Each structure stands twice: as C-alpha cells, then as structure tokens.
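Quick check, what structure comes out for this input:
(2 chains)
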Amino acid sequence: MKAYKPKRHYRWHPGFIAWLLHRLSGVALAGYLLLHLWVLQNLAKGPAEFDQIMAMFDTLLVKVMEIGLLGVVAYHTINGLRIVFMDFGPMAEKEKYIKYLAGAFAVVAIIIIVGGASMLSHALSR
Amino acid sequence: MNLKWISGRTGTFDWLFQRVSGVFLAVAFAVHFIVLHFLGQGTFTYYSVAERLAQPAWKVFDLCFLFFALYHAVTGMRLIVDDYVHSAGWRTFLTCILWVLAVFLFFSGAVIIFSIKAPGA
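Below is the predicted model of the structure:
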C-alpha cells in the first residue's frame, strides 16, 4: 500500500503546452518516419509495383492528412529551433520567453494556414 | 582534450547532439521539402525518385538525412522511455529494441539508396 499518492496537478502554462505538443509531435513524426521508410523500401520491387503502391496514396483523404503532417513537422521544427535558441541564446529570459513562444506559435500557424490552403487547392484542382 | 562531459551517464552527449542533429534536420528537411514538393512535379513515380537518387550528391544527402533522422528519433523516443518506464529491465529492453530497429532501418535504407540505378541505365 502506498502511504502517499502524489497528486497530479497541471498548471497549463504555455511553456508546458509547448513541451507537451513537442513530445506528441515527436512521437507522431517517429511513426511517420517508419511509414515513410516502409514505403520507400518498395523501390526494391521495381517500377510497376512501386507506382502501384504510390497510387494507393493518391486520394483526397491522404492529401488532407498531409496537411496535418505539415502542421506536425512545422511545429516540431519551429519549436525545436526555439528550444535551441533558448538553450544557447537569450530566449529563456523571463520577460522574453513568452514573447518568443507566442512568436513561434504564430509562425507555425502561418505555415499551416498558407501551406494548408495551397495544398488543399492543389488537391481539389486535380 | 577534456572529454569528461561526453560521459554516457550524464546525458550531455544526448542533449547536445539532439540539438546538433535537430538543426541539421531543420535545414535538410527544408531542402527535402522544397526540392520534392515545389521544384518537382508533385507526383512521385519510380522514375522521378530513381532519377534523383542516381546522382551521387543526392545519395550522400539522403544517407545523412536518414542517419540523423534515425538518431534524432531514437534519442527522442529514449527520452520518453526514460521518463515513463520505471523498471530498469523494461527500460533496457525498450532501448535495445529502439537501437536494433534504427540500425536495421539505416542499413535497409542505405541498400535502397545505393542500389537504385538511373532509369534506362
């Protein structure tokens, strides 16, 4: 029997949300890397089989999911660079931290909106 | 040269090279994405992939990209294992699985990168 069970209490600080999203997007990207490498393994089977497998992914659903992938990649990249600048630069200073974090979120939002809109219009026009 | 900071026990190497590989991946990913999705025709066939992979510079690029992506992914997943798996036995087991998987994926990927011939060659 445990005498003391630690109580989980999260304060939803923006930095905690950024950390959580970084971890979740990292796991998603590891999964995608596995899928991506599996698809490319099919290059060994030759042109006919590879093109047949690639045709499987030529659907609207996959194109929409690719926008999600763009979002995950964009977040992990931009937030990752923010972490590097935080570790080696001045971004961790208290009064700057939240501004740079908001900036990183804004850049990711712009990439998702601009990239997503262009990807969606491209997918719908084909 | 003082290499004490590289000690496997402190995690300093993991921390530093997660940043080094991360910066490399950010640049490599930008190149990968722009070349494949903006400069290419947007559809991928055996010939479009083989044509690019036939060039030695792309072989080197993709090999480095594969290596750093796998290193970064394994280090990240291991960080998660260290955080949530409290049994030492399971932690060792899962870490082994991660490295075996990464080495397997690296070599099978390298075989693909080196074996692809230029279309028509």
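
show me the contacts for the most centrally placed residue in chain B.
Nearest to the geometric centre of chain B sits B:A69, at 2.4 Å (Cα atoms, centre = their mean). For B:A69, the contact set (Cβ atoms under 8 Å, 6 or more residues apart in numbering or on different chains) comprises A:33, B:25. Yep, even glycine has a C-beta here, placed from its N, CA and C like the rest.

quick one: what helix or strand has it in it?
helix B:56-84 (DSSP states H and E).

gap between that helix and the chain center?
Counting by Cα atoms, centre = their mean, to the nearest Å, helix B:56-84 is centred 3 Å from the centre of its parent chain.

got the buried residues for that helix?
Using 16 or more other Cβ atoms under 10 Å in any protein chain shown as the test for burial, helix B:56-84 gives B:58-59, B:61-62, B:65-79, B:81.

Equivalent analysis for stretch A:64-77, please.
For stretch A:64-77, a neighbour-count test (16+ other Cβ under 10 Å) marks A:66-67, A:70-77 as buried.

Of these, which fall within the contact range of chain B?
A:73, A:77 (Cβ under 8 Å from any Cβ of the partner chain).

Need the buried residues of stretch A:64-77 in a markdown table (columns: pLDDT and secondary structure).
Below are the buried residues of stretch A:64-77 laid out as a markdown table (pLDDT from 0 to 100; DSSP: H, G, I helix; E, B strand; the rest coil):
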| residue | pLDDT | secondary structure |
| --- | --- | --- |
| A:E66 | 91 | helix |
| A:I67 | 93 | helix |
| A:L70 | 94 | helix |
| A:G71 | 96 | helix |
| A:V72 | 97 | helix |
| A:V73 | 96 | helix |
| A:A74 | 96 | helix |
| A:Y75 | 97 | helix |
| A:H76 | 98 | helix |
| A:T77 | 97 | helix |
